[in-house]
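K.L.:
coords please:
(2 chains)
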Amino acid sequence: MKRVRIIPALLIQKGGLVKSIRFKDHKYVGDPINAVKIFNEKEVDEIVVLDISASAEKRPPNIEKIKEIASEAFMPLGYGGGITNLEEIKMLITAGVEKTILNTAALTNPRLISDGAKYVGSQSIVVSIDVKKNIWGKYKVYGMNGSKNTGLDPVAFARQMEEAGAGEVLLNSIDKDGTFEGYDLDLISSVSSSVNIPVVAIGGASSTEDFTGAIRAGASAASAGSLFVFQRPLRAVLISYPSQAELKKKVFEKI
Amino acid sequence: MLVIIDYGVGNLASIRNMLKKAGYDSVISSDEAVISSAEKLILPGVGAFDTCAGKLQQSGLITILNRKVLEEHTPVLGVCVGMQLLTEGSEEGVLPGLGWIKGRVIRFRQDQLPAGTKIPHMGWTDVELSKPSRLFEGMYEEPRFYFVHSYHPDLADPGDALVRVNYGYTFVAGMEKENILGVQFHPEKSHKFGLKLLANFVNHY
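P.N.:
Numbering: from 1, shown residues only, chains lettered A, B, ... in the order given. Have a look, this model is predicted:
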């Protein structure tokens, strides 16, 4: 049986845990440390923490806070938000982060990807790519937490990042974010078939079955935010994660 | 005292943190005196083989490690590239390993993997034991561990193999020879399975 990683993604804004819909309408969900503790108890495969306001506020990663999170993470931890230089990447690794996630910096300073890969290894350099369809239905890469259209094509950009030394791509669909409409399978398929590094799909998951779809479309792992922190239909806060038995039945045995 | 060897690579705090969760103190050190008095050693490692092997050479600790492990028979557990360093060398680099276990580390043979199999092998994978071991005593059912690697051991003596894993094909992902142990996966990032394994290393060796 082949296992694939199912990864909760937590968004942090001004120190609190939030969740968005299409990168907007952020709702306060709770305390990030507490959430990491709960996800740890649920034995999640890996966890991703993104400080979504750091770059916009030109704020470096809050190393002390991240250390605190890392000390509760007995699974691999990825962190993104406000990373602008190699020194910060090294500090994050020492703080207990396995994977540093670059988004804004990947667009403005691609050199950081190769420098980072050289120094801490590709496996610790993840490029997150936020994608939105324009009015003609073409996929475009967005920067600055989804607020700025770069005009770049996600497939070409992902290839460029792989060449630079990225070890993984976190592929986020802005249109699907928080909607519970399911993953953007066309986007997943086009990007993951064009690169050899693992692609982690995120944006739109509504059920455990959706992970299977994302993996079949070519993703190496599937991530979700809202699905793991909200209970529908009212978006009441309730942290959850499928059991191993459920993952086996609905995902691992179907891929 | 258990000493986590600090030779300038890897995320040492995570190993210490997991040991602490299991209820055990440990020391992170590059000090010869501290390492000399260690009852148990953990050799971490992450990244490229030559980076780790080079830093270990520069640390000047190899002589004392050889004495501790080969003459005093102090139990040692290599983790990830730390495990790879227990062997004689790697296809990834040109520098020698410690050579405590005969064999080398080779790259995943892409031609033997099903088409589309991604390298590195990254994620959780079930493991099987090649021989009984105190390291797995009382282990939880269906043990799974977190892996991230592109190279794996190819041991000269199959009797030294401890753990087998299937990722496209079956390879050795752990070794045990007397007081020398190593695992390719990351017990410090493998929830209760890793906690149990580290606790066993503390208690049973």
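
K.L.:
got the phi and psi for A:Lys58?
P.N.:
Phi and psi for A:Lys58, reported as degrees, to the nearest 10, are phi 50, psi 50.

K.L.:
measure the nearest residue to it once chain neighbours are set aside to A:Ser192 for me?
P.N.:
In this structure, A:Lys58 finds its nearest non-sequential neighbour in A:Gly82, 7.8 Å apart by CB to CB, 6 or more residues apart in numbering or on different chains. Yep, even glycine has a C-beta here, placed from its N, CA and C like the rest. Separation of A:Gly82 from A:Ser192 (CB to CB, to the nearest Å): 27 Å.

K.L.:
neighbour-wise, which of these two wins?
P.N.:
When A:Gly82 and A:Ser192 are compared for neighbours, A:Ser192 comes out ahead with 26 against 21, by other CB atoms under 10 Å in any protein chain shown.

K.L.:
let me see the mean pLDDT of the helix or strand containing A:Ser20.
P.N.:
Assessed by DSSP states H and E, A:Ser20 sits inside strand A:16-21. For strand A:16-21, the mean per-residue pLDDT is 94.

K.L.:
how about the helices of the chain, start to end?
P.N.:
Picked chain A for this. A:32-41, A:63-70, A:86-94, A:104-108, A:111-120, A:154-164, A:185-192, A:208-216, A:226-229, A:244-250 (DSSP state H).

K.L.:
meant chain B actually
P.N.:
B:12-21, B:32-36, B:49-59, B:62-66, B:81-84, B:191-204.

K.L.:
ok so, going back, chain center to the strand holding A:Ser20, what's the gap?
P.N.:
Its chain's C-alpha centre and that of strand A:16-21 lie 13 Å apart, by CA atoms, centre = their mean, to the nearest Å.

K.L.:
pull up the pairing partners for that strand, direction included.
P.N.:
Strand pairing for strand A:16-21, determined by DSSP bridges: strand A:5-13 (antiparallel), strand A:24-30 (antiparallel).

K.L.:
what is the orientation angle of the last one with helix A:32-41?
P.N.:
Note on geometry: by axes from the mean of the first three to the mean of the last three CA atoms, to 10 degrees, strand A:24-30 and helix A:32-41 are set 70 degrees apart in direction.

K.L.:
CA atoms only: put strand A:24-30 into CSV for me.
P.N.:
Presented in CSV, the C-alpha positions along strand A:24-30 are these (Å, rounded to 0.1, in the frame of the first residue of the first chain):
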residue,chain,number,x,y,z
LYS,A,24,-10.3,37.1,1.5
ASP,A,25,-12.8,37.2,4.4
HIS,A,26,-10.4,36.0,7.0
LYS,A,27,-12.1,34.4,9.9
TYR,A,28,-10.4,34.0,13.3
VAL,A,29,-10.1,30.3,14.2
GLY,A,30,-8.0,30.2,17.3
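
K.L.:
and the contacts of it?
P.N.:
Here strand A:24-30 makes contact (CB atoms under 8 Å, 6 or more residues apart in numbering or on different chains) with A:11, A:13, A:16-20, A:35, A:178, A:229-230, A:235, A:237.

K.L.:
and the longest one, by the same measure?
P.N.:
The contact list for strand A:5-13, computed with CB under 8 Å, 6+ apart, reads A:17-20, A:26, A:32, A:35-36, A:39, A:44-53, A:78, A:81, A:200, A:202, A:211, A:220-225, A:228-229, A:241-242, A:247, A:251, B:122-124.

K.L.:
and A:Glu64, how many residues sit next to it?
P.N.:
Neighbours of A:Glu64 (other CB under 10 Å): 9.

K.L.:
of all residues in the stretch 1-150 of chain A, which one is closest to chain B?
P.N.:
Relative to chain B, the nearest point of the stretch 1-150 of chain A is A:Gly121 (4.1 Å; CB to the nearest CB).

K.L.:
what pLDDT does the model give that residue?
P.N.:
Confidence score, pLDDT, at A:Gly121: 87.

K.L.:
quick check: closest non-adjacent residue to it.
P.N.:
B:Gly47 (4.1 Å).

K.L.:
next up, the contacts around the one you found.
P.N.:
A:Val120, A:Gly121, B:Val9, B:Gly10, B:Val81.

K.L.:
hmm, try it at 10 Å
P.N.:
Contacts of B:Gly47 were listed using CB atoms under 10 Å, 6 or more residues apart in numbering or on different chains, and they are A:93, A:118-124, B:9-10, B:55, B:80-81.

K.L.:
show me which of these are buried.
P.N.:
Burial by neighbour count, 16 or more other CB atoms under 10 Å in any protein chain shown: within those this picks out A:Ile93, A:Val120, A:Gly121, A:Ser122, A:Gln123, A:Ser124, B:Val9, B:Gly10, B:Lys55, B:Cys80, B:Val81.

K.L.:
max pairwise distance over the residues you listed: which two?
P.N.:
A:Ser122 and B:Lys55 (18.4 Å; CB to CB).

K.L.:
B:His24 reaches B:Arg16, doesn't it?
P.N.:
No, residue B:24 isn't His; it's Tyr. Yes. With contacts counted by CB atoms under 10 Å, B:Tyr24 reaches B:Arg16, the gap being 9.5 Å.

K.L.:
chain center to stretch A:91-105, what's the gap?
P.N.:
13 Å.

K.L.:
what about that stretch, how long is it end to end?
P.N.:
With CA to CA, to the nearest Å as the measure, stretch A:91-105 spans 16 Å from end to end.

K.L.:
pick the most buried one from the helices of chain A.
P.N.:
Of those, the one with the most neighbours on average (mean count of other CB atoms under 10 Å in any protein chain shown) is helix A:226-229, at a mean of 25.

K.L.:
and that one, how far out from the chain's middle?
P.N.:
With CA atoms, centre = their mean, you get 13 Å for helix A:226-229.

K.L.:
then stretch A:14-30?
P.N.:
That offset, for stretch A:14-30, works out to 15 Å (CA atoms, centre = their mean).

K.L.:
count of residues packed around B:Gly123?
P.N.:
24.

K.L.:
closest residue of chain B to chain A?
P.N.:
B:Gly47 (4.1 Å).

K.L.:
now that residue: how far from B:Ala53?
P.N.:
From B:Gly47 to B:Ala53 the distance is 11 Å (CB to CB).

K.L.:
anything in contact with each of those two?
P.N.:
B:Val9, B:Val81.

K.L.:
is it true that B:Asp6 touches B:Leu41?
P.N.:
No. Between B:Asp6 and B:Leu41 there is no contact under CB under 10 Å: 11.4 Å.

K.L.:
between those two, what contacts are shared?
P.N.:
With CB under 10 Å, 6+ apart, B:Asp6 and B:Leu41 have common neighbours B:Ile35.
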